[in-house]
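**Student:** this is the structure alone, sequence omitted:
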């Protein structure tokens, strides 16, 4: 392992899956733990569609974090695939972070029998840490009833009030997780932070900007397919992406009056892609209609949403 400090003879490596309902801050937590943006983040629920893998390595340990889509009851095939991703990540985990939002209304009074995320813990025989996020948004006194409520519902290994956004309590969370991992050599090289390729992240950046700039059903009816990705020694790199929607009316909204909406999305995406790739980029976006792509198994597979 040339170029790195020698690894510990008692090196630990394993998988930590982050699960919870939509919008509790799972992607923000993983990005914060890695000190790098791996998962896209918006204020809209169900932004994460894939099982996103992020790797935190030191000479003593390697934690492979799995960020999952927010647990819901699926209403169409894309959501079924997303829940398959989440289930697979739970099975792969050596331990889990179960996240809840301290600032969510009724967080300590909910009926957990109907909580889709909480039901995923039933029958699990692996350590689960309760992570109470967004504590910076609530009074400290309100945390005690939340801790009491959840500790009576499930035998959590430990409970961590944190603010993923402000990095409050996150170091303690990592320190507590490491002893729960098996002694094992690194699964990945110590100098990488994800197994996904550049094309995947570029597509996710474009999709994030669509989520940020559009409303109602538009972001959920949209997906991005990177059709061309050319690296060049000189000049700008070339990226061409097809953006699929399900109806002509959605296409019109996404393009906007005289192309204004698509131009704004493209500008925001290009700037972030250039920061990510550390290279100038020429970005082309083409909006296309593919009716009911979210319910079409063949098209879901073609677009990278494979459940197998």
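**Tutor:** Arrived safely. All values reported here derive from a predicted model rather than from experimental measurement.
**Student:** mind pulling up the pLDDT for residue 115?
**Tutor:** On pLDDT, residue 115 comes in at 84.
**Student:** which non-adjacent residue is nearest it?
**Tutor:** residue 21 (7.2 Å; C-beta to C-beta, 6 or more residues apart in numbering). C-beta here means a position set from N, CA and C on the backbone, and glycine is covered the same way.
**Student:** shouldn't that neighbour be in contact with residue 116?
**Tutor:** Yes - when contacts are counted by C-beta atoms under 8 Å, residue 21 is listed as touching residue 116 (7.3 Å).
**Student:** which neighbours do these two have in common?
**Tutor:** 71-72 (C-beta atoms under 8 Å, 6 or more residues apart in numbering).
**Student:** which one of the two is surrounded by more residues?
**Tutor:** For the pair residue 21 and residue 116, the greater number of neighbours falls to residue 21 (20 against 15), based on other C-beta atoms under 10 Å.
**Student:** tell me how far the more buried one lies from residue 104.
**Tutor:** Separation of residue 21 from residue 104 (C-beta to C-beta, to the nearest Å): 8 Å.
**Student:** equivalent analysis for residue 238, please.
**Tutor:** 43 Å.
**Student:** which one's more surrounded, the two?
**Tutor:** For residue 238 against residue 104, the residue with the higher neighbour count under other C-beta under 10 Å is residue 104, and the figures read 17 against 14.
**Student:** now do the contacts for residue 85.
**Tutor:** Taking C-beta under 8 Å, 6+ apart as the contact definition, residue 85 lies against 49-51, 68-69, 307.
**Student:** now those in JSON lines, with pLDDT?
**Tutor:** Rendered in JSON lines, the data for the contacts of residue 85 read as follows (pLDDT from 0 to 100):
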{"residue": "49", "pLDDT": "88"}
{"residue": "50", "pLDDT": "87"}
{"residue": "51", "pLDDT": "85"}
{"residue": "68", "pLDDT": "91"}
{"residue": "69", "pLDDT": "91"}
{"residue": "307", "pLDDT": "63"}
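**Student:** please parse this structure into its domains.
**Tutor:** Per the record's domain assignment (automatic domain parsing), the chain is made up of the domains 12-180, 198-302.
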